[in-house]
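Participant: Any chance you could fold what I've pasted below:
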Amino acid sequence: MSFVKSTDNVVAWSGRRLLFCRPWFRTAVTLLVCAGLGPVAPSQVTTSSVTGFVMDTSDRPVPGATVTITEVRTGLTRVTTTDDQGRYSIVAIPAGEYNFAVRQQGFEIIERPGQLITQQITARIDFVLKVGSVSQSVTVQATAPLLETESPANAVTLSNRVITELPMLGHNYLQAAILSPGVIPVAGDSMLTVCVGNYFSGGTGYKPVSVSAAGGRPDFTAFIHDGFDVRDPGYGGDLFQPSPEAISSTRIVRGYDSAQFGGEPSIVYVSTKSGTNDYHGSLWEYHQNAGLKAREFNAADIPPLTYNQAGFTFGGPALPQLRNRTFVFGEFQLTRMRSGQPNHYVVPTADQWAGDLSSIPVQLYNPFDVNPATQQRRPFANNRIPSNLFSPIAQNYRKYVPLPNVPAAEYGAFNYTRSARAITDDTQYLIRVDQILPRGGMMFAKYFNDHVTSKSEGMTPLEGFGTPLKGQTASLEWVQPLGPNKLNTLRLGFYRSHVLFGGIPTDTDITGELGFKNYDSTTAFWGFPGLSVTGFSLPSTAIYDYLWITTRIGLHENFSYIKGRHSLDFGATFQPSQYPQKNGIYPRGNLSYDGEFTKQSASSAATPIGFADFLLGAYSTAWVNPDGLQPVLSSNYYSWYVQDKIRVNNKLTVTLGLRWDWWSPPVERYNRWMTFDQNKGELAYVLKDPFNWQTDFRTLSGAYPRGMFLNWKKKNYSPRVGIAYLLTPKTTIRLGAGLYYAQGLKNFQDFASFGSGNPPFSNSLVSTNDPAQLTPGRLDNTLYDRPSIGAISPGASLVVPDIHAPQPYVQQVTFSLERQVGSDMVVSAGYNGAWGRHLVNGGTNINQAALLDPNNPLPLEQRLPYPQFGFIFLQSNNSNSSYNGMHLSLQKRYSHGLELTASYTWSKSIDVYTSSSAGGNNQDARCLRCDRALSDNDRRHYFSLGYVWDLPFGPGRAFANTGIGSRVLGNWRLSGITQLRAGTPLTPTTSTSWINVGSWVALPRANRVCGGRLSSPSMDKYFDTGCFPAQPPNTFGNSGRNVIIGPGSQLWDMSIARVFTVWERLQLIVRGEFYSVFNHQNWGSPDTGVFSPTFGKISGKSGPRTMQLGVKLEF
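Facilitator: Predicted coordinates:
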């Protein structure tokens, strides 16, 4: 299956060959839709259910009673009848406010208006009928069900009020995830998500794009937006997030979840708003500037900053005459941020560009004028380089480099200053249409688009780092009752992201204008080459340039059937995905000028002057990847489940489920794959002749068949068992256990590099001038002659997958005791255990040399397992983890002006390797168990508090409810988030060269001779550095991983708002938000490098106070 039309140019990919164009796919969808009657269906994750018993006053069941519910805002109506036990159930209803009515001949009608049903819960609502006439009715006051008596899941639901009113920098909904026990928002688990997340969200902090729940990896968290998983399949995380103003509610499930919903160890559900019978909407703007910020620790002044975020929402009936039928909702938001940071540079003067380097107090020599008698270079007279020796590249570079703007006190001092800008532009919009169908059916379609451009400039606006992101999702859902006890759901989803990561894209091909050839001239990669000139600063670019295009289509089906005590669900999912990419390391080249060739000789101790070498074109190293990497990966995801929720009696509910998940091994469209055979010590390919892959890419008779580089098994069966027991009318016990499989290889970008990023499919061409040679090669208008694809050069390094890697999985057990206190509060105490097996290890160097034997000191090459190669980076699923956590939580529903959520978690997380991304942390590749220690995500103690409080002053309140006091003190709202958390684990390290086992030791550790903890740590000495001496050379350190616990932190964010009623349904809200309101700046992490002069010291603090002003109009 293919979505790609272009054969050679991924950048120009139009994506037109979608699945919908395939005849077999259109037929399958037609059959499924027309058979909305079939027993196959998707997990219904966007809606809720309601169940209960109808009894008479003698506590006997009332069979055959008609239960009718009507959603107040949209008019959606569902009808069912009670069974012989008086039990009723209505599934797949959207969250909202409902009117209930129960009728039975011989009894009074009972009505319960205004009943609130929140997202993704099974609410239990019982009724007691009195004998009487059906012409008589009794109205019962509705109270929102606080206890979830039917579900064993541990979850926290956050309302729109909480998400929009809490102070969250940048107004990112995931920041509120900290209110769930054991959940920590994170910037991500990879280079991509960290770079996306670290763009200045509101000027400070970061934009979290994922969460770590119950000690789990961030990429193991699914993000279900309106029933469709929008998690980025390349690196995980929710990269494209709607504004909180467009979100109806968010539900965070940690630990156990049923087979119907839980395909991942943790899930974040997001439900967007919809239109209703009444027009509603909001209009808002938030603003920050440098004058609203406190000064950073040790900073001389506050950098410039301007931040604005503005948007609106609007929803209602599509037309006035379509009330109770067709509804629309839309959201639009703009975020614009401009900040600056003064940077200082050393740039060449006009005289130096002309070849006059007489101001440099070091004698320069001509590498092209060598005295044959002395074999030394002759000096340049007065340090003046003749223009006829200038490199054309250097001459062309001059117009892009600014001249000095500040006087330099001496050679080598800064002479150019610029406030380098950081720019973020984020534009997003969402459109949703809901339709009420006959017989209680409903359908909605949603489209969301988010375009982010983030860049950080260097010495010129054309230099720096940029990350343009484009994301779009679409989903369609059709829910149709097929009778009082049957319901079918069909869902289609679409996800596409376009990410360009690397140097700032330019409008012209600067590298070509400079005169370079034999580089990757793809339009998306235009910009400066990489450039390093010793002693000077010239415009340069990022090392990596990546273009990732991800497309995923999802087809889900679910069939629900209620029979007596049993609520059955059958479902299946099919998600084909494709990941065309163009990745490059130094696609425009990377050059270094070290100043070695304008010294008298290689042995001279004189200070090297890199700019002199640059003028002459005498480079030290030139490296380019002219071909880039253009893999086109595809993979399919399949799953099915069956679940039975058994209501044993009116107190006990048992949920049994079985789920099957399978990810097909990724396949590269042109079979540009290779791996490493450890037994034979050689490379293995899919292609018969990989060195002629450009013309022979369809000859598939290599060592491995197509698509079998990962031998993932298909026996991924996941049993689930859950118990919910109503101990008393206000006390519930929950117990859940389950097995959860995860995607076998976490990110496809790394996988593409494993398969296609190795020679001969992707070649890095390197040219080096030996410092010992008197006359170097020059860089005139090419890097070097472009070689033909041929044999792999000796010492080549490889990045390969383990073809025998098993499927990762996590076992989870949860227990909780929940008690309702009063009418609006629930307290909970519980335990969460999680054990990960066969988790992805970021990488192990299987070509690590043996330690040097002092009795037989062999050279490094003779100690390597495979001496013909450099490092061989093997990504394998050989990591494991363990998490045990106890939690206490309190949740108070909004009443008496106050809504509050608090949680405390005491936990311990252990693993071998925390991240799924490539990189690795193994010290000794032959002893992975030696790396088992506290996880990088371990937070022993974590407390969070979120509150929204309408202060008790003003009309209708307890105090100052009349007169001037009412007008001055009335309608104020205080909200805030408080976090208290223990520090992160840290590791004392030495250096790779100290161990002498090759070029890759991810985390070389020191020795440990004592605990290292101080009774009174300070910034000058946070831990006892004497406890961590450097190990003897040619040995591994005996210190464990993560043996130092860094400083804890406390964050206090508050908001104060005033609500003005313009008229009955129109309110104006003016607010000020204070982040780190007490200006408590937390210590940073101490330096853990044993050889560093600042070992054990803390050099910075974070978290200065930031203020944000906002205004919102809502109706």
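Participant: Would you mind checking the average pLDDT for stretch 831-846?
Facilitator: Per-residue pLDDT over stretch 831-846 has a mean of 88.
Participant: Keeping just the C-alphas, turn it into PDB.
Facilitator: Below are the C-alpha coordinates for stretch 831-846, written out as PDB (Å, rounded to 0.1, in the frame of the first residue of the first chain):
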ATOM      1  CA  TYR A 831      -1.800   1.700  44.600                       C
ATOM      2  CA  ASN A 832      -0.400   1.400  41.100                       C
ATOM      3  CA  GLY A 833       2.100  -1.200  40.000                       C
ATOM      4  CA  ALA A 834       3.600  -1.400  36.500                       C
ATOM      5  CA  TRP A 835       6.300  -3.800  35.200                       C
ATOM      6  CA  GLY A 836       7.700  -3.200  31.700                       C
ATOM      7  CA  ARG A 837       9.300  -6.000  29.800                       C
ATOM      8  CA  HIS A 838      11.300  -6.100  26.500                       C
ATOM      9  CA  LEU A 839      11.300  -2.300  26.400                       C
ATOM     10  CA  VAL A 840      13.200  -0.500  23.700                       C
ATOM     11  CA  ASN A 841      16.800   0.300  24.600                       C
ATOM     12  CA  GLY A 842      18.000   3.400  22.900                       C
ATOM     13  CA  GLY A 843      21.000   1.600  21.700                       C
ATOM     14  CA  THR A 844      24.000  -0.600  22.600                       C
ATOM     15  CA  ASN A 845      27.400  -0.500  21.000                       C
ATOM     16  CA  ILE A 846      27.900  -4.100  20.200                       C
END
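Participant: and it, how far from the chain's centre?
Facilitator: Offset of stretch 831-846 from its chain centre (CA atoms, centre = their mean, to the nearest Å): 18 Å.
Participant: could you point out which element follows the helix or strand Y831 falls within?
Facilitator: Per DSSP states H and E, Y831 falls inside strand 825-845. Sequence-wise, the next helix or strand downstream of strand 825-845 (DSSP H and E) is helix 860-863.
Participant: Only the buried residues of that following helix, if you could.
Facilitator: R863 (16 or more other CB atoms under 10 Å). The way it works is simple: take the backbone N, C-alpha and C, and place the C-beta from them, glycine included.
Participant: same check, this time on stretch 598-606
Facilitator: Applying 16+ other CB under 10 Å to stretch 598-606 flags T598, K599, Q600, S601 as buried.
Participant: Can you report phi and psi for T598?
Facilitator: Note on T598: backbone dihedrals following degrees, to the nearest 10 are phi -110, psi 20.
Participant: quick one: low-confidence ranges for the stretch 501-650 of the chain?
Facilitator: 542-543, 583-584, 627-629 (pLDDT under 70).
Participant: And the helices in it, which stretches?
Facilitator: 510-514, 610-616 (DSSP state H, counting those that start in this stretch).
Participant: Mind giving me the packing neighbours of the first one?
Facilitator: The elements that helix 510-514 packs onto, with contact taken as 3 or more CB pairs under 8 Å, 6 or more residues apart in numbering; DSSP states H and E, are helix 392-397.
Participant: And the helix it packs on, how far out from the chain middle?
Facilitator: Put simply, helix 392-397 sits 41 Å off its chain's centre (CA atoms, centre = their mean).
Participant: Neighbouring strands of the strand holding Y831 in the sheet, and parallel or not?
Facilitator: Sheet neighbours of strand 825-845, with direction, are listed as strand 809-821 (antiparallel), strand 869-895 (antiparallel) (DSSP bridges).
Participant: roughly how far out does the shortest one sit from the chain middle?
Facilitator: Read that as strand 809-821. 26 Å.
Participant: From V810, how far out is L292?
Facilitator: From L292 across to V810, the span is 43 Å (CB to CB, to the nearest Å).
Participant: who touches L852 in this structure?
Facilitator: By CB atoms under 8 Å, 6 or more residues apart in numbering, the contact list for L852 reads L858, R863, N996, N1034.
Participant: What about those, which one has the most neighbours?
Facilitator: R863 (19 neighbours; other CB atoms under 10 Å).
Participant: my guess is it contacts A850, does it?
Facilitator: Yes. Using CB atoms under 8 Å, R863 is in contact with A850, at 4.5 Å.
Participant: who touches both of the two?
Facilitator: With CB under 8 Å, 6+ apart, R863 and A850 have common neighbours V997.
Participant: Tell me the bridge partners for K892.
Facilitator: M825, L900.
Participant: need the contact list for it.
Facilitator: D824, M825, V826, L898, E899, L900, T901.
Participant: can you pull the contacts of the third one?
Facilitator: When you say that, I think you mean V826. Listed by CB under 8 Å, 6+ apart, the contact set of V826 reads L146, L147, E818, R819, Q820, L890, Q891, K892.
Participant: got it, and the second one?
Facilitator: Listed by CB under 8 Å, 6+ apart, the contact set of M825 reads L146, L890, Q891, K892, R893.
Participant: Just the buried residues from those residues, in PyMOL please.
Facilitator: Those of these that meet the burial criterion (16+ other CB under 10 Å) are gathered into one PyMOL selection, given here:
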select buried, resi 146+891+892+893
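Participant: can you put the contacts of M825 in a markdown table and add pLDDT?
Facilitator: Converted to a markdown table, these look like this (pLDDT from 0 to 100):
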| residue | pLDDT |
| --- | --- |
| L146 | 70 |
| L890 | 95 |
| Q891 | 92 |
| K892 | 92 |
| R893 | 88 |
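Participant: circling back: and the helices of the stretch 501-650 of the chain, which is most packed in?
Facilitator: helix 610-616 (a mean of 27; mean count of other CB atoms under 10 Å).
Participant: elements contacting that helix?
Facilitator: Short answer (3+ CB pairs under 8 Å, 6+ apart): helix 610-616 packs on helix 392-397, strand 530-533, strand 590-593.
Participant: Report all helices and strands that the last one contacts.
Facilitator: It refers to strand 590-593. Checking 3+ CB pairs under 8 Å, 6+ apart, strand 590-593 ends up next to strand 530-533, helix 610-616, strand 621-624.
Participant: Spatially, and excluding backbone neighbours, which residue is closest to P587.
Facilitator: D520 (3.7 Å; CB to CB, 6 or more residues apart in numbering).
Participant: and that neighbour, how many residues sit next to it?
Facilitator: 21.
Participant: G96 too?
Facilitator: Using other CB under 10 Å, G96 has 20 neighbouring residues.
Participant: looking at it, it is touching G75, isn't it?
Facilitator: No. Between G96 and G75 no contact is recorded; they are 10.9 Å apart, counting by CB under 8 Å.
Participant: Next one: the most centrally placed residue in the chain relative to S358, how far apart?
Facilitator: Among the residues of the chain, G237 comes closest to the average C-alpha position under CA atoms, centre = their mean, at 3.0 Å. Distance, G237 to S358, by CB to CB: 55 Å.
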